[in-house]
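Provided below for reference: sequence and predicted model.
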Amino acid sequence: MDGMGLIRIGSDEEWRAAVSSSFYELSLSRVSPGFTASIQQRDLGRGVRVAEVTSGATELWRTSRLVTTAPTDEVLLLVQLAGRSRVRQADRTVTLSAGMATLCDPLVEYRVENATASQQLVMMLPRAVLRASGVPVDALRLRPIGGEVGSLRALIALGGEAVSFTDDGLQFLESDAVTTAMLGLTRSLFARVGGQEAGPRPREALVAEALEVVRQHAPDPAFDVDAWASRVGVSRRLLTDLLRGEGTPSAVLRTERLRRARAELSDPLEARRSIAEIGARWGFVDATTFSRAFKREFGDLPSDLRRPLA
């Protein structure tokens, strides 16, 4: 997995160059005085990229010339995290407030206007994968998606987590599983927006949702298999069946907590917390039990990841 890292921007030229290299080529219509921005992007593989974008007031334009001269096989899911944005594409206009999203098609001219400071999560998705999954990109273009949609909330949580983790942290969380989960949640989201929510959820979407739920709730000591099944909206037996390729639900939950503990043990910012404290945070009250479980999972001891403080 490749991470582009953080880009800090202090001028309009840097802004235009940064958004064009991070996503696809865009034109800059205007920026506010004293403009600053930042882009934190990560390439998840298999054609999926995610970025967190913070900027002052600005207007970006995917011109008709760029549609012709700089085509792309990606589509863009734009999620508003803070502030407000107005997106115009052909004869459609949508205003996004925090928690809302919309799908932009770069094969059609469009503008994104932020009248004030704004924060957005931008997900770049492979057009071919969406079409192969039956997602009608043309019909869903610039449809407003509200924050009440569960799969959108899960996408926001997973996308934000993927952007914020270090490369090592994402290895512990299995980068390919993150990509699979994002694609599954995206398909589920667009099925819901396209009016197909009354039908049964595809197995792949259920698996992706189940894996995202365990990532979100693993830090909660009260979270167990019954709570997990309830969050996904399935029975304990069906959850077990969905996860048969991953292991039993109890084993998957334990492994998730061990991986999160391992990521913290490897994090220099957590170096002053003891091994016992980190183990307890992830549900292992007894330090010996934690060490044994860690050894079984990874082949080494928690102490092997620690160096004495200088």
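Sure, I can see it.

quick one: Gly299 from Val252, how far?
To Val252, Gly299 is 19 Å away according to Cβ to Cβ, to the nearest Å. All C-beta atoms are positioned from the backbone trio N, CA, C, and that covers glycine.

and the two? which has more neighbours close in?
Val252 (19 against 8; other Cβ atoms under 10 Å).

report pLDDT for the more buried one.
pLDDT for Val252: 92.

before we move on, which element is it in?
Element membership for Val252, per DSSP states H and E: helix 249-266.

what's the answer for Ser21, then?
helix 12-22.

what average pLDDT does whichever helix or strand comes after that helix get?
Proceeding N to C from helix 12-22, the next assigned helix or strand is strand 27-31, under DSSP H and E. Strand 27-31 carries an average pLDDT of 86.

each with direction, which strands does strand 27-31 pair with?
strand 58-62 (antiparallel) (DSSP bridges).

show the subsequent helix or strand relative to the partner strand.
Downstream of strand 58-62, the first helix or strand assigned by DSSP H and E is helix 64-69.

in that next one, what counts as buried?
In terms of neighbour count (16 or more other Cβ atoms under 10 Å), helix 64-69 has its buried residues at Leu66, Val67.

which helices and strands does that helix pack with?
Packing contacts for helix 64-69, counted by 3 or more Cβ pairs under 8 Å, 6 or more residues apart in numbering; DSSP states H and E, involve no helix or strand.

name the residues that touch it?
Glu25, Leu26, Ser27, Pro106, Leu107, Val108, Glu109 (Cβ atoms under 8 Å, 6 or more residues apart in numbering).

just among the residues you listed, which is most surrounded?
In these, the most neighbours by other Cβ under 10 Å go to Pro106, 23 neighbours.

surely Arg16 and Glu25 touch.
No. Using Cβ atoms under 8 Å, Arg16 makes no contact with Glu25, being 9.2 Å away.

from the centre of the protein outward, give me the first residue you hit.
Gly159 (1.2 Å; Cα atoms, centre = their mean).

ok, back up a step: send me the helix holding Val252 as CSV with only the CA atoms.
Taking only C-alpha atoms (Å, rounded to 0.1, in the frame of the first residue of the first chain), the coordinates of helix 249-266 have been written out as CSV:
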residue,chain,number,x,y,z
PRO,A,249,-16.6,-14.1,15.3
SER,A,250,-14.9,-14.4,18.7
ALA,A,251,-11.5,-15.1,17.0
VAL,A,252,-12.0,-12.2,14.5
LEU,A,253,-12.8,-9.9,17.4
ARG,A,254,-9.8,-11.1,19.4
THR,A,255,-7.5,-10.7,16.4
GLU,A,256,-8.7,-7.2,15.7
ARG,A,257,-8.0,-6.2,19.2
LEU,A,258,-4.6,-7.8,19.1
ARG,A,259,-3.7,-6.0,15.9
ARG,A,260,-4.8,-2.7,17.3
ALA,A,261,-2.8,-3.4,20.4
ARG,A,262,0.2,-4.2,18.2
ALA,A,263,-0.2,-1.0,16.3
GLU,A,264,-0.1,0.9,19.6
LEU,A,265,2.9,-1.0,20.9
SER,A,266,4.7,0.0,17.7
